[in-house]
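Q: Build the 3D model from these lines:
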Amino acid sequence: MSIDYAAQILAGSHRAAARLISWLEDEDERAYGLMAGLYPHTGSAYVVGITGSPGAGKSTLTDKLARVIRKNGLKVGIIAVDPSSPFTGGALLGDRVRMNELTQDPDIFIRSMATRGFLGGMAKSTAEVVKVLDALGKDVIIIETVGVGQDEVDIIGIADTTCVVLVPGLGDAIQSMKAGIMEIADVFAVNKADKQGADQLCGEICARLEIDSHIKERDWTAPVNRTIAVEDIGIEELWLSIESHRKYLFDSGRFYTNRRERTSRETLRMIHAELFRVIREQLEKNGRLDAAVEELMNKKRDPYTLMREIVNEWLSISRHKETS
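A: Sure, this is the predicted structure:
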């Protein structure tokens, strides 16, 4: 007898959710039918992104924040995105090593995911895993990304509230501000705030925020929170800042607008990925890709004309099917 994984996930089964997530990571065809069935049951969870420089204490902060959220009676899902192992392609850091105590709570689900070379500081299937945890009944889903940089701002495409973690003493703090990280932050956490330079870092962030407010009019100014995660200091206040941003989104109507924009981008991304897969498989199957590459290497063809020919062929096939 086949197992109804969708029903088990909706009933709160962590084991069924873990199985589906593994299928999503492996791009197993079995995952997509299940996701279609779960989709009507998604949209209730609030998604918080935690990003910041390596060594900023994101994992400890995520651990402590999850505990605070649980104290408020909310169920928590944690997606910890780790660098890929060069040997297995799997997550290099284990979630149960870093957050072992949290796994004892039946209302907390933790999953480590490998980036597998995917840019943006997140794994390719992160958005789908968020939906799984949403359907699983988690109220708040925390995504902890690999780190920050100019290419690693994709978290804003998934998170409702993005918390950027910076620490004094790391030479890349100011560089992070120059790299567009200031733009994605809804909340700042200056972690390890007992270290020398914390006051200066907070001042620099506030000064930058003030300059940005004069350049671009904003309804929301990201609060700057001081935290010492290892000592449980400032975590309650950080959660209150996240809750304040959540209230702002709902009161201003931005929550719906942001979710709608996200759904639009995600739908286009999925269409793009599937079209790419279908066309690639067909070109590889009939040998046309190898032949085209050979012509391009010998400069007998140019990639721009070739691209348009292939696209026009697929468009004509689509039009023919519509009229037949």
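Q: Next, count neighbours for D28.
A: 13 (other Cβ atoms under 10 Å). The way it works is simple: take the backbone N, C-alpha and C, and place the C-beta from them, glycine included.
Q: Confirm it sits in a helix?
A: No - under DSSP: H, G, I helix; E, B strand; the rest coil, D28 sits outside any helix and is assigned coil.
Q: Would you tell me what the next helix or strand after the helix of greatest length in the chain is?
A: Criterion DSSP state H: the longest helix present in the chain is helix 254-285. On the C-terminal side of helix 254-285, the closest following helix or strand by DSSP states H and E is helix 288-297.
Q: List the contacts of that next one.
A: 280, 283-284, 301-303, 306 (Cβ atoms under 8 Å, 6 or more residues apart in numbering).
Q: what pLDDT, on average, does it get?
A: Averaged over helix 288-297, pLDDT sits at 92.
Q: cool, and stretch 36-51?
A: Averaging pLDDT residue by residue across stretch 36-51 gives 96.
Q: Now do it: distance to the chain's middle.
A: 11 Å (Cα atoms, centre = their mean, to the nearest Å).
Q: What are the buried residues along it?
A: 37-38, 45-51 (16 or more other Cβ atoms under 10 Å).
Q: related to what we said a few turns ago, now the longest helix of the chain against helix 288-297, angle please.
A: 90 degrees (axes from the mean of the first three to the mean of the last three Cα atoms, to 10 degrees).
Q: other SSEs contacting helix 254-285?
A: helix 235-252, helix 288-297, helix 303-323 (3 or more Cβ pairs under 8 Å, 6 or more residues apart in numbering; DSSP states H and E).
Q: and the first one, what does it pack onto?
A: Right, helix 235-252. Against helix 235-252 (3+ Cβ pairs under 8 Å, 6+ apart) you get helix 58-71, strand 161-166, strand 187-190, strand 224-226, helix 254-285.
Q: quick one: strands adjacent to the fourth one?
A: So that's strand 224-226. Next to strand 224-226 in the sheet, as set by DSSP bridges, lie strand 187-190 (parallel).
Q: on that earlier part again, mind checking the helices and strands packed on helix 254-285 for the one nearest to E25?
A: helix 288-297 (26.3 Å; Cβ to Cβ).
Q: Could you identify the helix or strand that succeeds the worst-scoring helix or strand of the chain on mean pLDDT?
A: Least confident helix or strand, the chain: helix 95-98 with a mean of 46, by mean pLDDT, DSSP states H and E. Per DSSP H and E, the first helix or strand lying C-terminal to helix 95-98 is strand 108-114.
Q: So among the contacts of helix 288-297, which ones count as buried?
A: Applying 16+ other Cβ under 10 Å to those flags 283, 301 as buried.
Q: Which pair of the contacts of helix 288-297 spans the longest distance?
A: Applying Cβ to Cβ across the contacts of helix 288-297, the maximum distance is between E284 and D302, 21.0 Å.
Q: that older thread, and the helices and strands packed on helix 235-252, which one is worst for confidence?
A: helix 254-285 (a mean of 90).
Q: now that helix, how far from the centre of its chain.
A: That offset, for helix 254-285, works out to 16 Å (Cα atoms, centre = their mean).
Q: again with stretch 128-140
A: 13 Å.
Q: Check which residues of the longest helix of the chain are buried.
A: Applying 16+ other Cβ under 10 Å to helix 254-285 flags 254-255, 262, 283 as buried.
Q: and what of stretch 227-240?
A: For stretch 227-240, by 16+ other Cβ under 10 Å, it's 227-229, 234-235, 238-239.
Q: From E25, how far off is the residue positioned nearest the centre of the chain?
A: Closest to where the C-alpha atoms of the chain average out (Cα atoms, centre = their mean) is I155, at 4.4 Å. Separation of I155 from E25 (Cβ to Cβ, to the nearest Å): 18 Å.
Q: I figured G77 hits A135, correct?
A: No - in this structure, G77 is not within contact of A135 by Cβ atoms under 8 Å, at 10.4 Å.
Q: Nice, that's everything, thank you.
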